[in-house]
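# fold the following, please.
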Amino acid sequence: MADFGALIKSAPQRLNIIDSMLKARLVLSRHRRCAASVSGGSDSDIMLDLLELVRPESCEVRYVFFDTGLEYNSTKHHIGDLEAKYGVTIHRRRARKTVIAACHEHGVPFINKDVSEYLSLLQRHDFDWSDRPEDATPEKYGRCKSGLDWYFDRRPLSKAGKHEYSIVKHKLLKEFIERHPPDFAISDRCCKYAKKNPAKEFYKESKADLSATGMRRAEGGRRAGIKTCFSLSKDDSPDSYRPIWQWTDEDKAAYKQWRGVRYSDCYEVWGLKRTGCAGCPCNSRAERDLTLVESFEPKIVRAARNIFHASYEYRRRYIAFKTQKP
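So this is what the prediction gives:
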């Protein structure tokens, strides 16, 4: 590795980049084994380059790619390109229960993971979508308090005065569901089985004391509840680290140009804004993206449309409902 001080001096004059380089060096120097998740996406590519740029010899970094069973072939090829470019091994881990299998068994995502989780919980308790708050008692629905609180907006506002964990965060969603209850199973478990569980297994296998991901706060969603780039573990799991947590899109662009990072064809050729599981309904542009890549990877596009079609249709109806409602 080149002189670290020289690297800092040559970095683009963006405080987030320089700050992240310094923090990454410090965090890695305080751990022995880091397990870093590489998805083949743009954030992940930037994280890998940053870790390889600043990591000290005292810390071993093991990279892993979790194949969910619904990955673009371009992403898989890109993982091989990254290995060749950086001279590293990226371990492949196939989910014991793929996204397709989990969706068949438990249901498909809708809007995002939070919405999917709570709707799934309510469905499993045979919730009556037209119930009023006083009708939804513990005696009627058992252990479903978190789902009921979400649906009836019973949780306190965040410090910023926002409905972070409530259905009202999504405009007219409750009204839409009351009029058009979902007639298909909704669930967020596909991610649990395809990524979260395999990740825990890999961390244990690697004896890692640090896990790293390319997560950024700017991406929103569940990330909003995470406050810092580093979290100490409270059990025997590794500490959690997000090296580019504070980066803006402008920071990414500056770093990409400085380091000559090339993203996968999903970005560079097809023009996608994000990757991950092909056609995931948590991506608001899922159907548009599938249309963009259909001529390149028709098989994976057919698979995604087959498994997620009910969620796509339901979202289209919800968008139309929001648009038409005065």
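# quick one: the strands in the stretch 101-250 of the chain?
210-212, 230-231, 239-241 (DSSP state E, counting those that start in this stretch).
# can you check which of the ones you listed gets nearest to Val261?
Among the strands of the stretch 101-250 of the chain, the nearest to Val261 by CB to CB is strand 210-212 (16.8 Å). (Glycine included, C-beta is placed from N, CA and C.)
# compute the distance between Val61 and Ile79, please.
Val61 sits 15 Å away from Ile79, going by CB to CB, to the nearest Å.
# please disregard the earlier target; I meant Glu60.
Glu60 sits 20 Å away from Ile79 when distances are taken as CB to CB.
# cool, and Ile17?
25 Å.
# more neighbours, the two?
Ile17 (22 against 19; other CB atoms under 10 Å).
# need the contact list for that one.
Counting by CB atoms under 8 Å, 6 or more residues apart in numbering, Ile17 touches Ala11, Trp247, Asp251, Ala254, Tyr255.
# save those as TSV, and put in secondary structure, distance to Gly147 and pLDDT too.
Output for the contacts of Ile17, formatted as TSV (DSSP: H, G, I helix; E, B strand; the rest coil; distance: CB to CB, whole Å; pLDDT from 0 to 100):
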residue	secondary structure	distance to Gly147	pLDDT
Ala11	coil	47	86
Trp247	coil	34	95
Asp251	helix	38	95
Ala254	helix	43	95
Tyr255	helix	41	95
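# what's the closest of these to Val27?
Checking the contacts of Ile17 against Val27 with CB to CB, the nearest one is Trp247 at 15.6 Å.
# are we agreed that Ala35 is in a strand?
Yes: according to DSSP: H, G, I helix; E, B strand; the rest coil, Ala35 belongs to a strand.
# thought Asp209 was touching it, still the case?
No: shown here, Ala35 and Asp209 do not form a contact pair, counting by CB atoms under 8 Å, at 9.1 Å.
# mind listing the shared neighbours of those two?
Joint contacts of Ala35 and Asp209 (CB under 8 Å, 6+ apart) are Pro238.
# those two: who's more crowded?
Counted by other CB under 10 Å, Ala35 and Asp209 do not tie: Ala35 has more neighbours, with 24 against 18.
# in contact with the spatially closest residue to the more buried one that is not a sequence neighbour, which residues?
Leaving aside its chain neighbours, Ala35 sits nearest to Ala208 (3.8 Å; criterion: CB to CB, 6 or more residues apart in numbering). Going by CB under 8 Å, 6+ apart, Ala208 touches Arg33, Cys34, Ala35, Arg62, Phe202, Pro238.
# and with 10 Å instead?
Contacts for Ala208 (CB atoms under 10 Å, 6 or more residues apart in numbering) come out as 31-36, 60-62, 64, 202, 237-239.
# per-residue pLDDT, Ala102?
We have a pLDDT of 95 for Ala102.
# what's the answer for Asp236, then?
At Asp236, pLDDT is 85.
# likewise for Gly220?
At Gly220, the model reports a pLDDT of 67.
# so that it lines up with my notes, have the first residue be 14 from now on.
Understood, numbering begins at 14; the last thing we discussed is Gly233.
# which stretches of the stretch 214-339 of the chain have low pLDDT?
233-238, 338-339 (pLDDT under 70).
# roughly how far out does the helix or strand containing Arg301 sit from the chain middle?
Per DSSP states H and E: Arg301 is located in helix 299-306. Offset of helix 299-306 from its chain centre (CA atoms, centre = their mean, to the nearest Å): 18 Å.
# what angle separates the next helix or strand after it from helix 299-306?
As assigned by DSSP H and E, the chain's next helix or strand after helix 299-306 is helix 311-337. Counting by axes from the mean of the first three to the mean of the last three CA atoms, to 10 degrees, helix 311-337 lies at 140 degrees to helix 299-306.
# which elements pack onto helix 311-337?
helix 86-99, helix 112-119, helix 186-192, helix 299-306 (3 or more CB pairs under 10 Å, 6 or more residues apart in numbering; DSSP states H and E).
# of those, flag the one that's most buried.
Across the helices and strands packed on helix 311-337, averaging neighbours per residue (mean count of other CB atoms under 10 Å) puts helix 112-119 on top, at a mean of 20.
# contacts for that one?
For helix 112-119, contacts defined as CB under 10 Å, 6+ apart pick out 80-84, 108-111, 121-122, 133, 137, 198-208, 290-294, 316-317, 319-321, 323-324.
# do stretch 242-251 as well
32-33, 36-37, 39-40, 44, 46-48, 213, 216-217, 219-225, 228-230, 252-260.
# could I get the contacting residues of Lys89?
Neighbouring residues of Lys89 by CB under 10 Å, 6+ apart: Gly53, Phe78, Asp80, Arg105, Ser277.
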